[in-house]
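In: any chance you can model this:
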Amino acid sequence: MPTPVRGKSSDWVIAATVGAVRDALGQTRVLDEAEQARAMRFLRREDEERYRAAHLLKRHMLGAVLDLTARELQFGVQPGGKPYLMSRISQDFSLSHAGAWVSVAISLSGRIGVDVEAQRPAAFWRDIADMFLAPSEPTVDAASEFLKIWTAKEAGLKAHGAGFAILPNTITIVWECEGFAVDVEGLSLKGAWRKLDDVHMLAVAFNGCLPEIAVCLSPVDLTRAIDGIRSQSELSALRSSEDRGGEAYQAEDR
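Out: Next comes the predicted model:
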């Protein structure tokens, strides 16, 4: 397995509005046939736009990390449903979208998962509390606390890779001064939250480096964030040295 090379950072999260992604990245057709077909299956226009925006962001962020164009990236799907990038470079990534927001998290240092959710009334959370609160977790009343627990658990399950094949009420969120911790079937993760607006919350769970989180409301913000990833990444130098050495690596199924 190739050794990850890090610039100033090796882990990134970008949350952006659908409009910012569309205006900054949507001018060229970069989604592959499978992604295009999936997008066309959505019945509601807003669902299709969120899907397209999330996968455009995914491709442009990974392209910036790997020094490749967004179009030439190739993806597969693990048996549990988690997508992976066919690459010689060890990496993990995660996508989420809700409302007007999409988010992509990328890690070169370990596992990572991201979740974005909209706030709901406290009565909604209380009705489903038994489904996602573990017996050891304290009772909460505020809708904001419910939302934090839900997003943290889903981010952790995504980082693990099994998703909701593992029941949320079997894992426990431990609140910490600057975020949270969670153990998902032996995978110990740290996490952080970021409020995106008055309604939406983002959670990221990881077992590697603390990721940089950028919240992008405009196309200019998003372009700068992606350019920042590109400038921090030293993977282009790694790729050149690998090419000179002639060493081949098998693609990582992460």
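In: which sections of this protein are below the confidence cut-off?
Out: Residues of the chain that meet the criterion pLDDT under 70 lie in 1-8, 80, 234-254.
In: against Pro219, how distant is Val21?
Out: Computed as CB to CB, to the nearest Å, the Val21 to Pro219 distance reads 8 Å. Using the backbone N, CA and C atoms, a C-beta is placed for each residue, glycine as well.
In: of these two, which one has the most company?
Out: Between Val21 and Pro219, Val21 has the larger neighbour count (other CB atoms under 10 Å), namely 27 against 18.
In: would you agree the more buried one is in contact with Val102?
Out: Yes: between Val21 and Val102 there is a contact under CB atoms under 8 Å: 6.2 Å.
In: anything in contact with each of these two?
Out: Counting by CB atoms under 8 Å, 6 or more residues apart in numbering, the common neighbours of Val21 and Val102 are Ala53, Ala54, Leu57.
In: tally of neighbours for the second one?
Out: Close neighbours of Ala54, defined as other CB under 10 Å, add up to 22.
In: now do the contacts for it.
Out: If a contact means CB under 8 Å, 6+ apart, then Ala54 has Val21, Leu95, Ser96, His97, Val102, Ser103, Val104 as its contacts.
In: could you do Val102 as well?
Out: Val102 touches Ala15, Ala16, Thr17, Val18, Val21, Arg50, Ala53, Ala54, Leu57, Leu95, Ser96, Val116, counting by CB under 8 Å, 6+ apart.
In: for Val215, same thing?
Out: Applying CB under 8 Å, 6+ apart, we find Val215 in contact with Ala15, Ala16, Arg194, Leu196, Asp221.
In: just flag the most distant two among these.
Out: Farthest-apart pair in the contacts of Val215 is Arg194 and Asp221; separation 14.3 Å (CB to CB).
In: okay, buried residues for whichever strand or helix holds Trp150 please.
Out: Using DSSP states H and E, Trp150 falls within helix 143-160. Neighbour counts over helix 143-160 (16 or more other CB atoms under 10 Å) mark 143, 146-160 as buried.
In: of the contacts of Val215, which is the most crowded?
Out: The most crowded member of the contacts of Val215, judged by other CB under 10 Å, is Ala16 (30 neighbours).
In: mind checking how far Leu189 is from Glu48?
Out: In terms of CB to CB, Leu189 sits 32 Å off from Glu48.
In: the two: which has the busier surroundings?
Out: Counted by other CB under 10 Å, Leu189 and Glu48 do not tie: Leu189 has more neighbours, with 25 against 15.
In: assumed the more buried one was part of a strand.
Out: Yes: counting by DSSP: H, G, I helix; E, B strand; the rest coil, Leu189 is found in a strand.
In: that's a strand at Val215, yeah?
Out: Yes: the assignment for Val215, made by three-state DSSP, places it in a strand.
In: buried sites along the longest helix along the chain?
Out: Under DSSP state H, the helix in the chain containing the largest number of residues is helix 45-66. Neighbour counts over helix 45-66 (16+ other CB under 10 Å) mark 49-66 as buried.
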